[in-house]
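J.: What shape does this take:
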Amino acid sequence: MKNATNAFKPLNPQTNGANFISRSPRVVRYALGVAALVLALVAAPLQVQAITRGELMARFLDELALTTLSQEPAATLALPVDVPPDHPHAGALARAMKYGFIPSGTTFLPDETVLKREGLLMALHAMGWGFEANLVQQLDSLPDLAGSGDPLLFMAAEIKPRPPEPLLTEGDAPLADEEAALLVQWLGRCRGGVIWNQVFSWEGTDLVVYRQGMGKPGSETGYGQQEPLYIAAVGAHADRISTRIALAREQGVPRLPLSAIVGAYDGVIGAINGGYFSSSGGIIGTLMVDGKNLNMSQAGRSTVGFSEAGQIVFALPGQPFPFDRCTEALQGGPMLIANGRATTDNEGIHRTVLEKRHPRTLVGIDGTRVLWAVIDGRNTMHSTGATMEETRNIARSLGFRTALNLDGGGSTTLWWRGIMVNRPSDGKERPIPYAILMMPHGQTPRPLPSPMVVPAVQAFPTEENSPYREY
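T.: Presented below is the predicted three-dimensional model:
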């Protein structure tokens with residue numbers, strides 16, 4: 001995979017040689033006979049002791065102590081469609097499907113020989129990293145990132161701890177039994193902590209993806225001290241990228257999924273959800289689009305705005321906002337960091353939104369870029385989310401000098417170059433009233449010439465005892 005930051009260098013494999021020393025003619029004749037036998041053996045096809053897919057998955061469950069985690073008898077659990085109940089690994093495969101390691105309703109080919117890349121992919125699914133594995137393969141479809149090798153092996157080489165070197169080459173080769181043992185051992189080591197961090201750059205934007213921790217079925221905290229956490233961010237260089245807002249109602253409906261809003265326009269590089277809205281789709285707080293104020297400001301909430309040249313302006317509650325300097329603006333809250341210092345005003349956000357872990361969406365600056373970030377949540381295998389204080393700490397670790405919280409929960413979605421780079425907690429994109437678009441300077445959102453097919457909008461119920469839907 002080209003144009004991606006490579007943080008680690010490959011190990012240098014070492015080889016060992018042997019020297020034969022002859023001391024007498026008798027030894028020479030004996031050595032010649034042995035050499036002929038060796039040549040005959042070398043000329044014969046080598047029989048590599050490979051491992052089947054069913055056996056490898058069973059070893060993974062044993063290593064992770066998941067073989068008997070489920071309380072249901074294995075006979076009562078669903079199996080992959082091509083696994084008979086009397087298969088020697090039926091119990092393990094039924095539990096693997098229950099835990100999500102094998103997608104339901106699919107064939108598994110339990111008696112097929114495992115290839116190296118398949119073994120790595122199965123291990124990543126057992127770690128709760130299936131989304132990340134799929135993401136790198138989607139990114140590899142982009143022309144400037146494709147063509148330099150297997151993206152799955154490239155990703156694996158960047159994981160820390162790094163998988164054993166024999167697993168990172170010849171991905172289409174059968175996984176030998178001794179290599180399977182190395183893979184199982186590596187999976188066990190990852191329980192103590194595992195991290196993947198990658199940066200992909202294009203046309204004035206940097207996509208940053210970060211994943212840590214292994215998910216554990218039935219556990220809120222995963223393995224050890226490192227809980228599952230997934231973060232994605234797009235850094236937009238202010239000297240090259242402008243920010244625009246596109247309304248769902250321009251497509252004839254009050255709300256649409258982020259990808260549907262973006263899909264109606266040409267030239268968009270990145271997009272993200274914005275501020276809060278009600279269950280009926282009504283926008284909460286300031287919204288300025290193309291220099292026009294479309295909604296009243298909400299007292300006690302922070303505001304962010306953008307100029308046509310890509311400059312960004314923040315205002316805390318009570319501060320006057322320079323609308324005359326901006327073409328786009330919206331409200332969120334609370335402000336987490338202002339000019340390098342943590343803030344303490346919760347801006348009237350309900351304590352359950354502040355103190356419980358949720359998916360989060362953020363906007364901020366790091367000195368040279370506008371940063372748009374998401375933290376996935378509500379999924380114990382993929383990412384547990386963050387409290388507001390944890391979100392502040394994550395923003396600091398990402399380099400935010402100023403950071404404003406936006407609408408999160410099921411609304412949290414981030415799109416880059418045609419790919420959804422996070423996993424919405426509802427299991428699909430939630431319809432939103434508008435999208436924030438990242439575009440090259442001097443370019444305005446242009447509707448595509450062909451008419452757009454608008455999907456049905458799903459209604460979301462209002463939360464109990466809440467005047468509007470925040471999360």
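
J.: Run through the strands of the stretch 151-300 of the chain in chain order.
T.: Remark: strands assigned in the stretch 151-300 of the chain by DSSP state E, counting those that start in this stretch are 195-202, 205-212, 229-237, 241-247, 265-266, 270-273, 287-289, 292-295.

J.: Redo those strands as TSV? Include distance to E112, mean pLDDT and mean neighbour count.
T.: For the C-beta atoms, the positions are set from N, CA and C on the backbone; glycine is no exception. Shown next, in TSV, are the strands of the stretch 151-300 of the chain (distance: least, Cβ to Cβ, whole Å; pLDDT from 0 to 100; neighbours: other Cβ atoms under 10 Å):
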stretch	distance to E112	mean pLDDT	mean neighbour count
strand 195-202	28	97	18
strand 205-212	29	98	21
strand 229-237	31	98	24
strand 241-247	47	95	22
strand 265-266	44	90	16
strand 270-273	40	98	28
strand 287-289	54	97	21
strand 292-295	57	96	14
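
J.: In CSV, list the ones you listed along with distance to A96.
T.: Converted to CSV, those look like this (distance: least, Cβ to Cβ, whole Å):
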stretch, distance to A96
strand 195-202, 22
strand 205-212, 21
strand 229-237, 22
strand 241-247, 42
strand 265-266, 42
strand 270-273, 34
strand 287-289, 47
strand 292-295, 49
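
J.: Tell me which of the ones you listed lies nearest to F400.
T.: The closest of the strands of the stretch 151-300 of the chain to F400 is strand 229-237. By Cβ to Cβ, the value is 9.5 Å.

J.: Point out where the chain drops to low pLDDT.
T.: 1-48, 68-74, 445-471 (pLDDT under 70).

J.: neighbours around the nearest residue to I337 once chain neighbours are set aside, how many?
T.: Excluding its sequence neighbours, the residue lying closest to I337 (Cβ to Cβ, 6 or more residues apart in numbering) is A403, at 4.4 Å. Using other Cβ atoms under 10 Å, A403 has 27 neighbouring residues.

J.: Can you tell me how far A403 is from L371?
T.: 8 Å (Cβ to Cβ, to the nearest Å).

J.: next one: phi and psi at the residue nearest to I337?
T.: When read as degrees, to the nearest 10, the backbone of A403 gives phi -140, psi 130.

J.: phi, psi of M57?
T.: The phi/psi pair for M57 (degrees, to the nearest 10) reads phi -60, psi -40.

J.: Now do the shared contacts for A403 and L371.
T.: L362, V363, G364 (Cβ atoms under 8 Å, 6 or more residues apart in numbering).

J.: Quick check: E347 is in a helix.
T.: No. Counting by DSSP: H, G, I helix; E, B strand; the rest coil, E347 falls outside a helix, being coil.

J.: sorry, back to before: what about burial for the shared contacts of A403 and L371, which qualify?
T.: If you count burial by 16 or more other Cβ atoms under 10 Å, the buried members of the shared contacts of A403 and L371 come out as L362, V363, G364.

J.: Quick check: the last one touching R401?
T.: Spelled out, it's G364. Yes. Counting by Cβ atoms under 8 Å, G364 does reach R401; the two are 7.1 Å apart.

J.: which neighbours do those two share?
T.: What both G364 and R401 touch, as defined by Cβ under 8 Å, 6+ apart, is the set I337.

J.: neighbours around P254, how many?
T.: 17.

J.: next one: the one 10 residues further on
T.: A264 has 21 neighbouring residues, counting by other Cβ under 10 Å.

J.: which phi and psi does it have?
T.: The phi/psi pair for A264 (degrees, to the nearest 10) is phi -90, psi 0.

J.: thinking it is in contact with Q251, fair?
T.: Yes. When contacts are counted by Cβ under 8 Å, A264 is listed as touching Q251 (5.7 Å).

J.: Which ones among the shared contacts of A403 and L371 map onto strands?
T.: Those of these mapping onto strands are L362, V363, G364, per DSSP state E.

J.: Of the residues you listed, just say which sits nearest to G385.
T.: Relative to G385, the closest of those is L362; by Cβ to Cβ it sits at 13.0 Å.

J.: ok, and the closest non-adjacent residue to that closest one?
T.: Nearest residue to L362, sequence neighbours excluded (Cβ to Cβ, 6+ apart): A373, at 4.5 Å.

J.: Burial check on that neighbour, number of neighbours?
T.: As a burial measure, A373 scores 27 neighbours (other Cβ under 10 Å).

J.: what pairs with it across the strands?
T.: Legend: beta-bridge partners of A373 under DSSP bridges are A233, L362.

J.: any idea how far S280 is from it?
T.: 28 Å.

J.: G252 too?
T.: In this view, G252 and S280 are 17 Å apart by Cβ to Cβ.

J.: Which one of the two is surrounded by more residues?
T.: S280 (13 against 9).

J.: what sits against the more buried one?
T.: Per Cβ under 8 Å, 6+ apart, neighbours of S280: P254.

J.: likewise L124?
T.: L124 neighbours (Cβ under 8 Å, 6+ apart): G130, E132, A133, A156.

J.: Which residue, other than its chain neighbours, is closest to the first one?
T.: It refers to G130. Among residues not flanking G130 along the chain, L124 sits closest, at 6.4 Å (Cβ to Cβ, 6+ apart).

J.: Using the three-state scheme, assign that neighbour.
T.: Relying on three-state DSSP, one would call L124 helix.

J.: circling back to that earlier point, relative to N379, which of the strands of the stretch 151-300 of the chain is closest?
T.: Closest approach to N379 among those (Cβ to Cβ): strand 229-237, 8.6 Å.

J.: ranges for the helices of the stretch 351-471 of the chain?
T.: Taking DSSP state H, counting those that start in this stretch as the test, the helices found in the stretch 351-471 of the chain are 351-355, 388-397.

J.: meant to ask about the stretch 1-150 of the chain
T.: 25-43, 53-63, 90-98, 116-127, 130-139.

J.: Please apply the same query to the stretch 201-350 of the chain.
T.: According to DSSP H, counting those that start in this stretch, the helices that the stretch 201-350 of the chain contains are 258-262.

J.: quick one, phi/psi of the nearest residue to D239 once chain neighbours are set aside?
T.: In space, and not counting its chain neighbours, D239 is closest to G310: 6.9 Å by Cβ to Cβ, 6+ apart. Phi and psi for G310, reported as degrees, to the nearest 10, are phi 100, psi 0.
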